[in-house]
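>>> compute the structure for the input listed below.
(chains A, B and C)
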Amino acid sequence: MRCWPMTEYASTAHASLEIRGVSKSFVVDDSDVHALSNVSFSVEPGEFVSIVGPSGCGKSTLLRLVAGLDSPDAGEVVFDRERVDGPSLRRGIVFQDHRLFPWLTVEANVALGLLKTGGSDAQKRKTARRFLALVGLDGFEKAYPHQLSGGMAQRASIARSLSAQPQILLLDEPLGALDSLTRSQMQAELLRIWQHERVTMLMVTHDVAEAVFLSDRIVVMDRNPGRIRGVVDVPLPKPRNRHDPGVLALTETLVGRLETAVP
Amino acid sequence: MIRSVPFIHALISPGIVAQRVPAPQHRIFRRFQSIAIGAVIPLGVLALWSLAVALHLMRPQILPSPIAVWQAGIDLLRGGDLLAALAVSLQRVVLGLLIGGSLGMIAGIAMGRSRTIDAYLGPTVRTICQIPTIAWLPVFMLIFGIGEELKLAIIAKATFLPLLLNSFAGMRTAPQRFHEVADVLELDAWQRLRLVTIPAALPLIIAGLRLALSNAWHVLIVVEMLASAAGIGHLMAWSRTLFQLDVVFVTIAVIGVTGWSMDAAMRWIERQLTPWSVEA
Amino acid sequence: MIRGTARPRSDWRGVVVPVICAAIWVAASASGRWNPHLLVPPRQLAGAFVESAKNADFWLAVSSSLLRLAVGWTIGSLAGVLLGIAIGASRLAERFAAPSLNSVRQVALFAWIPLLTAWFGDGDTAKTILIALAAFFPAALNTEIGCREAPASLIEVGRVFEFGYWARIRRIILPSARPSIVAGLQIALTSAWIGTIGAEYLIDQGAGLGVFLASARMDNRMDVVLVCIVALGLIGFVLSTLLRLSFVRGAFVRDAVLADD
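Below you'll find the predicted structure:
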């Protein structure tokens, strides 16, 4: 049984992600859709990287490949110097729909990430509570998912993924289902959580401003076929201000680039 | 039933959008209003009935007066006959449900989890589905005679199918997205069963239980009318033979009320055990 | 999703269980250890089929039942659909009628038989009323649901175009309710067929498949009982298939409703 110390991700130093020449196609209505074509990039430990691009550029597909929920037709995904061969607790993933188990309380849901760790039930409850407090949900341990708002449920989902202390956290448009007010709040939360836990995070989003607000680097993708157009560094200091001229300028540039993309 | 909400604006606090909140008095009034409207037809029927009796439109054996029916009901209750009959009937239902329902659930779960078992048993089961329970009655009567075994057998049959079908569907129902979460969380097969498959199946299984209970009650009445010396169906058939229509009316009402109560109890159980599905 | 679903190939495995059961049946009845009245030997069962097919009374029974079914189902589902439209289209009507309807629906169908025979005797009237009752509730319930769930968005369009009450029903509510109504009619047919056989079995007078079944049981003829059961299952299946097909092909309801006049 692995037992990570509370806030140290000991081998994070070596757990980098490498995507090498990955391609994936689907057959939709008798024609081939090249969701991804020869995509390569890497993510260093502790980074916050976002993937942006128009819809259909394969960003979600790419994330699922990293998670191990699907496998590439060509190329490989290497994490912590091992080939990714299936889903694993070490690569946690937060989906757009929170996917909390409706029949479990919030606390029990978060504790799902602790099933594979040692320790007594009391210890696990304590750990679950700690993560709930981290995401700002203390007091809601005994609530059921259907009693939570969208933002709260998503936070619980993040807590669940984090409780397993993954080496990388994948986020698939985590804030896409939330209204814009909640989304802004959650972006700040996400940043705070990242700064606190220092987990490597790889996030897919269609919201460029969100990406600029949160990321150290931004991977810009294009579609038909899905491929990388470029990777942009965001050297601005964190925590960032949405209205900071540097942030705004970068956002504008990226949006402009995406808009001139081939339709 | 949709109640129209009166437009009473209550400002929660400045700057927040005004919300329409019905004042408590209005809610009580609305509730009373719904009950009153719903009662119009039953009261009307009651009025016509009393009128017909008062005008001697039909012989009292054919159309007993409402009072006679009420009196008959009280007498039966006091005499203990009614409760005794009800007890016998309910006992049969519960017993039959335990037998048939658990067999059905086990079979349904087995078929749901194993495609192999489903391939072998599925077509046979689905063909047997086509034959209504009541058609089995003569066959069972020949096999089991007219004793308790007959009642248990036919109730078991009536409860077997709904639970089988619903358990089967329930096992197949946990959406793919929950299984993906289970994948990432590296749950083993037992944990997956305990934490994903069975809870997801529970609402459907309970729905199957409700249906089974309703089926069982319906079938039991028929069996008791035909081949029983006890139970509420027998009470009804016997009083019909004696042309005591007031008792017949009472038994009809009791059958209806009991059926409704059992369903209400199941709905309560559903809310308790699977609170999330009732909200959904 | 992307995962391919295996195409369902014709699965021979489903035949295994029936074949095994048939084999056991043949072996057991041949051994002579079981009561031949209960465990009817296959040959005798086949004989019973032939015997019934040649029996004029049997066909008389079947046709009587079908006739009763036709009358009862038509009356019951027509009444049910009309009431369902009335309740589904008008909230007020629903508030008046729903509690009463739901209460009456609680009473098991066959529990009405003693009352009906007391009032109408053992003849066709009581049976037909029961069949109509059996058809009424599913038809009414499904029609009501279908009408109630007519999309509010379309009704609003109707209001913009100033549709009158009847136009609203004819042009918006009925067409959207059509699938539910059809489903209700199908369920009503199944219910009504069960009601037919049940009523005949319980009342045990006159001609009908249920009566035939009852006498076979009383004569201890398991073979004839089984023939009757197969017959009624078959008829039920054929009827519901016919109904389903007639609604796929002949969209007479839709045409009648959408026709301009």
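
>>> tell me the SS of the most centrally placed residue in chain A?
Against the mean C-alpha coordinate of chain A, by Cα atoms, centre = their mean, the closest residue is A:Leu171 at 2.0 Å. Each residue gets one of three states, and A:Leu171 gets strand by DSSP: H, G, I helix; E, B strand; the rest coil.

>>> same question for A:Val219.
strand.

>>> where does A:Val33 sit: helix, strand or coil?
strand.

>>> the residue nearest to the centre of chain A against A:Met201, yeah?
Yes: using Cβ atoms under 8 Å, A:Leu171 is in contact with A:Met201, at 6.5 Å. (Glycine included, C-beta is placed from N, CA and C.)

>>> who's in contact with the residue nearest to the centre of chain A?
Residues near A:Leu171 by Cβ atoms under 8 Å, 6 or more residues apart in numbering or on different chains: A:93-94, A:190, A:201-205.

>>> can you list the domain ranges for chain B.
Split into domains by automatic domain parsing, chain B comes to B:9-57, B:72-279.

>>> what's the local residue count around C:Gly123?
12 (other Cβ atoms under 10 Å in any protein chain shown).

>>> that one: what's it in contact with?
Contacts of C:Gly123 (Cβ under 8 Å, 6+ apart): C:205-206.

>>> gap between it and C:Ala214?
16 Å (Cβ to Cβ, to the nearest Å).

>>> would you mind naming what in the stretch 1-150 of chain C lies close to chain B?
Residues of the stretch 1-150 of chain C lying close to chain B by Cβ under 8 Å from any Cβ of the partner chain are C:1, C:11, C:13-18, C:21, C:37-38, C:91, C:94-100, C:103-104, C:106-115, C:117-119.

>>> which among these end up buried?
C:14, C:94-100, C:103, C:106-115, C:117-118 (16 or more other Cβ atoms under 10 Å in any protein chain shown).

>>> so which of those belong to strands?
With strands taken from DSSP state E, there is no overlap with these.

>>> before we move on, the earlier item: which ones among the contacts of A:Leu171 map onto strands?
Going by DSSP E, the strands hold A:93-94, A:201-204 from the contacts of A:Leu171.

>>> make TSV from those residues and add neighbour count, pLDDT and distance to chain C to it.
Below are the ones in strands among the contacts of A:Leu171 laid out as TSV (neighbours: other Cβ atoms under 10 Å in any protein chain shown; pLDDT from 0 to 100; distance: Cβ to the nearest Cβ, whole Å):
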residue	neighbour count	pLDDT	distance to chain C
A:Ile93	26	90	16
A:Val94	25	91	19
A:Met201	26	93	25
A:Leu202	25	94	21
A:Met203	26	94	22
A:Val204	27	94	17
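
>>> just to be sure, A:Val39 is in a strand?
Yes: looking at A:Val39 with three-state DSSP, it is inside a strand.

>>> next, count neighbours for it.
Neighbour tally, A:Val39, other Cβ under 10 Å: 27.

>>> where does chain B dip in pLDDT?
Applying pLDDT under 70 to chain B flags the ranges B:1-23, B:278-280.

>>> up against chain A, what does it have?
B:177-178, B:180-181, B:183-187, B:191, B:195-196, B:199-200, B:202, B:274-277, B:279-280.

>>> report the buried members of these.
Among these, those buried by neighbour count (16+ other Cβ under 10 Å) are B:178, B:180-181, B:183-187, B:195-196, B:199-200, B:202, B:274, B:276-277.

>>> what's the closest of the residues you listed to B:Leu209?
Comparing these against B:Leu209 with Cβ to Cβ places B:Leu202 closest, at 10.3 Å.

>>> check contacts around the closest one.
A:103, B:170, B:273-274, B:277.

>>> now do the contacts for residue 258.
You didn't say which chain, so I picked chain A. Contacts of A:Leu258 by Cβ under 8 Å, 6+ apart are A:52-54, A:208, A:220.

>>> meant chain B actually
With Cβ under 8 Å, 6+ apart, B:Thr258 has these contacts: B:86, B:89-90, B:217, B:232.
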